[in-house]
Structure formats: structure tokens, C-alpha cells
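J.: Sharing a model that was predicted from the sequence below.
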Amino acid sequence: MFLEGSKVCVSMSDANEALYFRDLNRFPTLSPQEEEALLAIIKSEQSEEIRKSALQRLIRGNLRFVVSVARKYQGRGLSLLDLINEGNIGLFKAAKRFDMGKDVKFISYAVWWIRQSIQKALFEQVGAVRIPPNKLALVNRFKRALMQNDGDYDRTIAMDEFAPFEKDIVEVMEKIVDISLDAPIGDSTNVSGNGDTVSTLMDVLGSDGNQDEDMEKDERRKLIQETLSALPQREEEILRMFYGLDTVEDTTLKDIGEDLKLSRERVRQIKNKTLRRLQKSKEHKEKLADFLEK
């Protein structure tokens, strides 16, 4: 295992799980005192070589935790080793970004980045598996025709070439975006005949061409991100995980509790208390109106 650039590289392209876990045994877990000392070095003004060495030791000391998180995502299209590698990348990001001034343990902070990295990889993998080539070719032809018809779904699907296969077309398009209406379909640089981008399933199935609505949605997302980032770290983590922000799926209270080493009831209490505080704030309530109604 080694660090390269901005990501953790685990040399396992030619290795199997047994070899990886054998290597894993070479790296002991860290005590709280050791972890704190390494984090202090990483954030210090010491030489780059010293800081890089501390970062590597911190990551290696938490590799077993990444494995425990990665196991929860098995059977979704990526091998366990691929899931672990993606989780290690998230661990690396967490180590670089962690703020020691916050009242939260490093691993409680890192788990969100580990999960996000794994879920992002799974999201990108969807559509690349289990889609017959003939159906994928059909959808690509449909998308080209859709652009030529200025994004008019009804007119395009009614064409003789596509009408008999509407069910297949919608099914494949949903697989490509992991049944997410806001995720990109194929190449996001695709442009329709009138110059508008046709990049999501929502664009195809539900758009009326009103760009103001898209701008409003983007602005609302920015407000949510800004507001949550101002919360204490643990509260922000819990809300992000529970509502599935920046991830593929929502997370249950039980799973959040397991990741943060809290009881399900304690997670529920923190979530509800945070939401109540946001609702009492006029500024936050206006910014998060749609979010708080969920």
C-alpha cells in the first residue's frame, strides 16, 4: 500500500483478498493519543516529508475501519477490494480536511467521507453493468433523436423506431442514473437543437424548458450546503447521512449510530434537536424550507 498524489493507492489490481488482508495485519491500529499526535503533525508547519509520513501512518492505522464500512456495500456491482480502495480514498480526504478544533473524533468525521467515496463509485458504476449492448445502443439513438427534437420526449418516443421499445428505453435510462432524476444521462455535454443542455432524466421526462426553475433548484441546494456546514461537525454529519446529501442513498438511524459509535436513540435525539433549532431560526427556516418539510 502506498500514497500517490492526492489519493490512496492500494496495490491490489493483481492481488486477491487474502493477500490484501495479510498485508493489512502489518499495520497496527492507533491509540487515541497516537492518532491525536499524528493529526497534530499533519496540520503543523513541519517539513512535507514529516507531514506525509504522519498522514500515511494515520491512514494505515484506520484501514481496518474502512474494511468494516466497505463490507456493507458488497453485492452492488463492485468487488470488496474495489470498495475498500474507494473507502481508502475517502479516508485520505478526511485526514487532509479534519479540523482538530472541532469536538468530534477523527473516525466519526472520517466515516462520512469513506461512505461518500464508496457510494460515489457505486453510483458511477451503475449503468456500466448488466445493460445489454443492444439496449444501450437503442438508448443512445433515442438520446440523439431527443436532442434533434429539442428535448421533446413525447414526440421522440412516438417515432416508429422507438415507440415499441418505450419500456426498455426508460428502464435503461433509469439504470444509468441509478433511478435518480437529477443524475446525468451519458455525456453531460450533450446539447439540444436549441442550445439547451439535455443531461438528466428530469430534463427529459419532466422539464418544461423553464431555466428559472433549474436556477432556483441550484440556489436552494447551495443554501442547504452553506447552512449545514455552519453546524457543529457531528450534527452536520448526522443530517447529511440521514438525508443522503451528496451520496447515493439515505442512511438509517441504526447505520449512522453504528458508524458514529452512538445508539440509534441518541442519533435520533441529535437529529431532531438540530432540526428543531434550525426551524426556530427564521433565517435557517427560510433557507431550508423544503428540506425541513421532509
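T.: Great, that's in hand.
J.: Every contact and neighbour count from this point should use C-alpha atoms.
T.: OK.
J.: so where's the stretch 101-250 of the chain shaky on pLDDT?
T.: 103, 123, 125-133, 150-153, 173-227, 244-250 (pLDDT under 70).
J.: one more time with 50, if that's ok
T.: 127-129, 177-217, 248 (pLDDT under 50).
J.: From Val111, how far out is Tyr240?
T.: No Tyr there; residue 240 is Arg. Using C-alpha to C-alpha, to the nearest Å, one obtains 12 Å as the distance from Arg240 to Val111.
J.: neighbour count winner among those two?
T.: Between Arg240 and Val111, counted using other C-alpha atoms under 10 Å, the more crowded position is Val111 (23 against 19).
J.: Now the closest residue to the more buried one other than its chain neighbours: which helix or strand?
T.: Nearest non-adjacent residue to Val111, counting by C-alpha to C-alpha, 6 or more residues apart in numbering: Asp259, 6.5 Å away. Using DSSP states H and E, Asp259 sits within helix 253-260.
J.: rewinding a little: residue contacts, the residue nearest to Val111?
T.: Val69, Ser108, Val111 (C-alpha atoms under 8 Å, 6 or more residues apart in numbering).
J.: Would you check how far apart it and Ile238 are?
T.: In terms of C-alpha to C-alpha, Asp259 sits 10 Å off from Ile238.
J.: Give me the buried positions along stretch 77-96.
T.: Using 16 or more other C-alpha atoms under 10 Å as the test for burial, stretch 77-96 gives 77-78, 80-95.
J.: Among these, which lie within helices?
T.: 80-95 (DSSP state H).
J.: Just say helix, strand or coil for Gln46.
T.: coil (DSSP: H, G, I helix; E, B strand; the rest coil).
J.: neighbours of it, just the number please.
T.: 11.
J.: cool, Glu48 as well?
T.: 11.
J.: Over to Ala145?
T.: 20.
J.: What sits closest to it if chain neighbours are left out?
T.: Using C-alpha to C-alpha, 6+ apart, the nearest residue to Ala145 is Thr156, at 6.5 Å.
J.: Could you report the neighbour count for that neighbour?
T.: For Thr156, using other C-alpha under 10 Å, the count is 21.
J.: hang on, it packs against Met147?
T.: No: if you go by C-alpha atoms under 8 Å, Thr156 and Met147 don't touch, sitting 9.2 Å apart.
J.: what is in contact with those two at once?
T.: With C-alpha under 8 Å, 6+ apart, Thr156 and Met147 have no common neighbours.
J.: Next, the angle helix 253-260 makes with the helix or strand that the helix holding Asp259 is followed by.
T.: Using DSSP H and E, the helix or strand that directly follows helix 253-260 along the chain is helix 264-280. If you take axes from the mean of the first three to the mean of the last three C-alpha atoms, to 10 degrees, helix 264-280 sits at 100 degrees to helix 253-260.
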